[in-house]
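S.K.: Please find the sequence and the predicted model below.
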Amino acid sequence: MISVRRAAAALTAAAAVLSTAATGTAAAAPSPSASAAALPPGLYGKGDPTYDGVWRQSLAFLAQRATGYQPADQAVDWLLGQQCADGSFASYRADTTKPCDDKTMRDSNATAVALQALGAVRRQAADPTKIDTAVTSGYGWLRGVQNKDGGWSYTPGGPSDANSTSIVVSALAASGVKPGSYTSSQGRTPYDALLALALPCADDEGPGAFAYQPDKTGKLLANADATAAATLAGLGKGITAVKATPPQAPTCVDLSEPTVERAALNGASYLAKSLVQTGHLTTPPLPGATDAEPKPDFGNTADAVVALAAAGTARLAEPALQWLEQNAAPWAKESGPAAYAQLILAARAMEADPREFGKVDLVEALNATGPAPKTPDTSAVSTEDEEEDSFLGFDVWWIIGIGMVVGVGIGFLLSGRKK
């Protein structure tokens with residue numbers, strides 16, 4: 001997930017620069033980068049946040065809430081300060097004193113995960129009303145940039161992709177809004193967009209998988225990262241999903257009238273088969289890379305574990321979780337808070353202890369990457385009950401807020417996207 005986001009953002013930024021050079025017209029550009037020494041104190045992680053600042057902050061919040069911690073007010077304020085006036089988020093804004101303009105590269109992934117994270121920390125935040133306003137505005141922006149087919153692209157104006165659409169579905173589900181009721185201007189839902197990217201069970205190369213997007217010829221190619229994300233979304237769940245019961249065997253079945261739930265279970269079947277040989281997923285070499293050997297993909301393996309657990313096939317994810325316990329610590333240490341968060345959420349989904357993940361206390365390691373969170377309240381309700389309670393009534397004020405946004409006629413800045 002982390003590497004995919006960074007690659008997508010970098011490719012989008014490069015496309016924007018090339019578009020400007022070729023046409024002479026203004027195009028979206030990435031936010032300025034920042035050195036580690038210049039990083040704001042409320043941000044988690046010490047690496048360059050240009051392509052993942054909001055993402056890693058949001059995942060850190062979700063993992064902290066999943067383990068009973070409340071992020072520091074300073075960290076919450078940093079995330080709130082990253083939001084543009086129209087409700088969107090960029091991957092990172094180095095200078096938040098300057099308002100977002102047509103050169104700010106708005107990011108559907110960063111926006112959706114930030115909204116989910118803010119919703120998760122709302123109940124114990126210093127100013128819940130401020131978060132309510134931010135989340136209402138953010139969902140209004142996402143509604144405004146939804147594609148006609150019901151999905152979303154990484155940046156507005158591009159074709160829908162499985163990852164971006166699934167991240168938005170995850171946020172909607174967590175907020176209490178039924179993703180299937182979130183329709184485009186042509187009456188299409190996010191699930192319609194995902195079904196259009198699902199491969200049939202008869203496909204030889206990726207039976208039951210999801211594609212990221214069609215290739216240049218319109219062909220769907222199996223993509224494990226997209227499949228993990230779409231499996232969760234198709235089940236109406238997201239990156240904080242837990243083990244589903246009763247357990248079931250993963251199967252791939254093509255229906256004459258396909259449903260998104262069936263497509264999600266087909267996706268789980270594909271992931272289970274992909275993990276059988278090595279216990280982990282791999283990432284193909286980048287174009288032009290001298291090393292042609294595929295490398296282990298720790299982040300996508302963690303995502304696949306969560307997806308399999310949510311689909312009721314946790315038993316088949318156990319070898320992958322054990323592989324992560326034995327091998328993922330160096331990767332997480334190098335990658336930072338988002339990586340620790342992914343491992344925490346994978347452990348939680350499998351009912352494993354993230355404090356004894358191999359030889360690493362993932363919770364302590366994550367908390368050490370930023371401002372110290374508030375000490376957990378051991379008398380509080382369970383994480384699942386707390387998450388459910390934190391969103392009670394959300395869909396009501398969300399609908400009211402959307403009506404206000406539409407009423408004042410806010411325009412959304414769209415920028416082209418080239419893969």
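M.R.: Looks like it came in fine.
S.K.: Help me confirm that residue 76 comes into contact with residue 122.
M.R.: No: using C-beta atoms under 8 Å, residue 76 makes no contact with residue 122, being 9.4 Å away. No exception for glycine: its C-beta is placed from N, CA and C like everyone else's.
S.K.: can you count the residues close to the closest residue to residue 242 other than its chain neighbours?
M.R.: Counting by C-beta to C-beta, 6 or more residues apart in numbering, residue 242 lies nearest to residue 349, which is 5.5 Å off, once chain neighbours are set aside. For residue 349, the count of nearby residues is 26 (other C-beta atoms under 10 Å).
S.K.: Model confidence score at residue 349, please.
M.R.: On the pLDDT scale, residue 349 is placed at 98.
S.K.: same thing with residue 376?
M.R.: With respect to pLDDT, residue 376 scores 77.
S.K.: Next: residue 231.
M.R.: Predicted confidence (pLDDT) for residue 231: 97.
S.K.: cool, residue 267 as well?
M.R.: 98.
S.K.: and residue 180, helix, strand or coil?
M.R.: Per DSSP: H, G, I helix; E, B strand; the rest coil, the secondary structure class of residue 180 is helix.
S.K.: so how many other residues sit close to it?
M.R.: Neighbour count of residue 180, defined by other C-beta under 10 Å: 16.
S.K.: and if you look at residue 132?
M.R.: Residue 132: 18 neighbours (other C-beta under 10 Å).
S.K.: Okay, and it sits in which element?
M.R.: For residue 132, the enclosing helix or strand under DSSP states H and E is helix 128-144.
S.K.: C-terminal to that helix, what's the next element?
M.R.: Remark: after helix 128-144, the chain's next helix or strand is helix 162-175, criterion DSSP H and E.
S.K.: State the distance from residue 85 to residue 97.
M.R.: Look at residue 85 and residue 97: by C-beta to C-beta, to the nearest Å, they are 13 Å apart.
S.K.: quick one, which of those two is more surrounded?
M.R.: Higher neighbour count among residue 85 and residue 97: residue 85, with 10 against 6, using other C-beta under 10 Å.
S.K.: State the distance from residue 324 to residue 235.
M.R.: The value you get for residue 324 to residue 235, if C-beta to C-beta is used, is 22 Å.
S.K.: now residue 275
M.R.: Plainly put, residue 275 is 18 Å away from residue 235 if you go by C-beta to C-beta.
S.K.: burial of the nearest residue to residue 59 once chain neighbours are set aside, as a residue count?
M.R.: Once flanking residues are discounted, residue 59 sits nearest to residue 341: 3.8 Å by C-beta to C-beta, 6+ apart. Number of residues near residue 341 (other C-beta under 10 Å) recorded here: 33.
S.K.: With residue 106 instead?
M.R.: Residue 106 has 25 neighbouring residues, counting by other C-beta under 10 Å.
S.K.: Apart from its chain neighbours, what residue comes closest to it?
M.R.: Nearest residue to residue 106, sequence neighbours excluded (C-beta to C-beta, 6+ apart): residue 88, at 4.2 Å.
S.K.: hang on, the earlier thing: quick one: the helix holding residue 132 to helix 162-175, angle?
M.R.: Put simply, helix 128-144 runs at 140 degrees to helix 162-175, going by axes from the mean of the first three to the mean of the last three C-alpha atoms, to 10 degrees.
S.K.: Mind checking the pLDDT average for helix 128-144?
M.R.: Mean pLDDT, computed over helix 128-144, is 96.
S.K.: Stretch 321-338 too?
M.R.: For stretch 321-338, mean pLDDT rounds to 97.
S.K.: again with stretch 356-366
M.R.: pLDDT averaged over stretch 356-366 gives 97.
S.K.: Buried residues, it. List them.
M.R.: 357, 360, 362-363, 365-366 (16 or more other C-beta atoms under 10 Å).
S.K.: Could you work out the end-to-end span of that stretch for me?
M.R.: Start to finish, the residues bounding stretch 356-366 are 13 Å apart (C-alpha to C-alpha, to the nearest Å).
S.K.: same check, this time on stretch 83-103
M.R.: Terminal residues of stretch 83-103 are spaced 15 Å apart (C-alpha to C-alpha).
S.K.: How far off centre is it?
M.R.: Centroid separation for stretch 83-103 versus its chain: 19 Å, with C-alpha atoms, centre = their mean, to the nearest Å.
S.K.: re earlier: the residue nearest to residue 59 contacts residue 367, doesn't it?
M.R.: No: Residue 341 lies out of contact with residue 367 (C-beta under 8 Å); the separation is 10.9 Å.
S.K.: residues in contact with residue 194?
M.R.: Neighbour list for residue 194: 151, 162, 165-166, 169, 210, 230, 233-234, 260, 263 [criterion: C-beta atoms under 8 Å, 6 or more residues apart in numbering].
S.K.: Same check on residue 62?
M.R.: 113, 116-117, 120, 239-240, 341, 345.
S.K.: same thing with residue 363?
M.R.: Residue 363 sits next to 63, 67, 69, 344, 354-355 when contact means C-beta under 8 Å, 6+ apart.
S.K.: Quick one: buried ones out of those residues?
M.R.: 63, 67, 69, 344, 354.
S.K.: so which pair among the residues you listed is furthest apart in space?
M.R.: Taking C-beta to C-beta as the measure, the buried ones among the contacts of residue 363 span a maximum distance of 11.6 Å, between 69 and 354.
S.K.: the strands in the protein, which residues?
M.R.: Applying DSSP state E to the chain gives strands spanning 282-283, 295-296.
S.K.: and the residue nearest to residue 106, how many residues sit next to it?
M.R.: Using other C-beta under 10 Å, residue 88 is surrounded by 28 other residues.
S.K.: surely it meets residue 111?
M.R.: Yes: contact between residue 88 and residue 111 holds when scored by C-beta under 8 Å: they sit 5.2 Å apart.
S.K.: Common neighbours of these two, please.
M.R.: Overlap of the contact sets of residue 88 and residue 111 (by C-beta under 8 Å, 6+ apart) consists of 138, 141.
S.K.: Show the low-confidence segments of the stretch 201-350 of the chain, by residue range.
M.R.: 284-292 (pLDDT under 70).
S.K.: can you give me the helices in it?
M.R.: Here the stretch 201-350 of the chain has its helices, by DSSP state H, counting those that start in this stretch, at 224-234, 260-275, 298-310, 318-327, 329-335, 337-349.
S.K.: Fine, thanks again, bye for now.
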